[in-house]
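Undergrad: Quick one, structure for this:
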Amino acid sequence: MEKIDINTAPLDDLVKIIHIGEQRALELISLRPFSSLDDLIRIKGIGPVRVEDIKKQGLAYIEMSPEKTAELPEVVKSTTETEPLSALEKDTSLKIDINTASMQELQMLVGIGVVLAQRIVDLRPFYTLDELIKVNGIGTETLESIKSQGLAWISPNLAPPKAEKVEIFDKGSAETSVPLQQIGNKKAPAFFSVFLPAFALSLFSGIIILTLKRKLASPLD
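TA: The predicted structure follows:
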């Protein structure tokens, strides 16, 4: 069977590769170019075990001539070299800032296709890589893969906006002080000026009624 170059093959041919359905084939096309078959791990749902299955199937291959290697984006080429990741981390020019990168650059991140790249753009800004978990479709496993890849980066100059100070305590104390003042200045005078006279009137009326009852009950002279 004729082999399939994953960097040039059309959709109809890519779906013939084991574990590559139509959806993954579309994502594969969006993530091109690939530097090696091992690079297929960038496709969501394709792990090391499935990469080995693809290799064993013997259909997929990459024709990587020196000319094609030169055509690879700088970020992709940097990840195919043997330079330690720690050294790459020191050079921000080889990083993809998720807050400023283009759609095409975002798709160089492992597991990020066209759809997820658009969702990242819609949810910007991000202040930490961990916040990528907010993107629908990026789970814990994908997030860890992105971190391990070492390309995603957020400028340390970008700081989250400071929350406005809400003086809840002061406001609350001011509000609670009003009823206290009302008790001292309004409710207390109201008690003495309204309820006390009413009580005195009732008591006086009771005494008069009681006196009249006693007179009526006493024998006539």
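Undergrad: Compute the number of surrounding residues for the nearest residue to Ile41 once chain neighbours are set aside.
TA: Counting by Cβ to Cβ, 6 or more residues apart in numbering, Val51 is the residue found nearest to Ile41 once chain neighbours are left out, at 5.9 Å. Backbone N, C-alpha and C define where each C-beta goes, glycine included. Using other Cβ atoms under 10 Å, Val51 has 19 other residues around it.
Undergrad: Let's see the pLDDT reported for Pro156.
TA: Predicted confidence (pLDDT) for Pro156: 84.
Undergrad: That one belongs to a strand, doesn't it?
TA: No: Pro156 is assigned coil when assessed by DSSP: H, G, I helix; E, B strand; the rest coil, not a strand.
Undergrad: do you know how far it is from Pro125?
TA: Here the criterion is Cβ to Cβ, to the nearest Å. By it, Pro156 lies 13 Å from Pro125.
Undergrad: The two: which has the busier surroundings?
TA: More crowded of Pro156 and Pro125, by other Cβ under 10 Å: Pro125, with 13 against 7.
Undergrad: so what's the backbone phi/psi at that one?
TA: When read as degrees, to the nearest 10, the backbone of Pro125 gives phi -90, psi 160.
Undergrad: contacting residues around the residue nearest to Ile41?
TA: 37-38, 40-41 (Cβ atoms under 8 Å, 6 or more residues apart in numbering).
Undergrad: Quick one, which of those are buried?
TA: 40-41 (16 or more other Cβ atoms under 10 Å).
Undergrad: which one of the contacts of Val51 sits closest to Glu27?
TA: Closest approach to Glu27 among the contacts of Val51 (Cβ to Cβ): Leu40, at 10.4 Å.
Undergrad: Now do the same contact list for Val121.
TA: 103, 106.
Undergrad: and stretch 108-119, how far apart are its ends?
TA: Terminal residues of stretch 108-119 are spaced 15 Å apart (Cα to Cα, to the nearest Å).
Undergrad: what's the answer for stretch 32-48, then?
TA: 19 Å.
Undergrad: Now it: average pLDDT?
TA: In this model, stretch 32-48 has an average pLDDT of 88.
Undergrad: Repeat that for stretch 112-122.
TA: Stretch 112-122 comes out at a mean pLDDT of 92.
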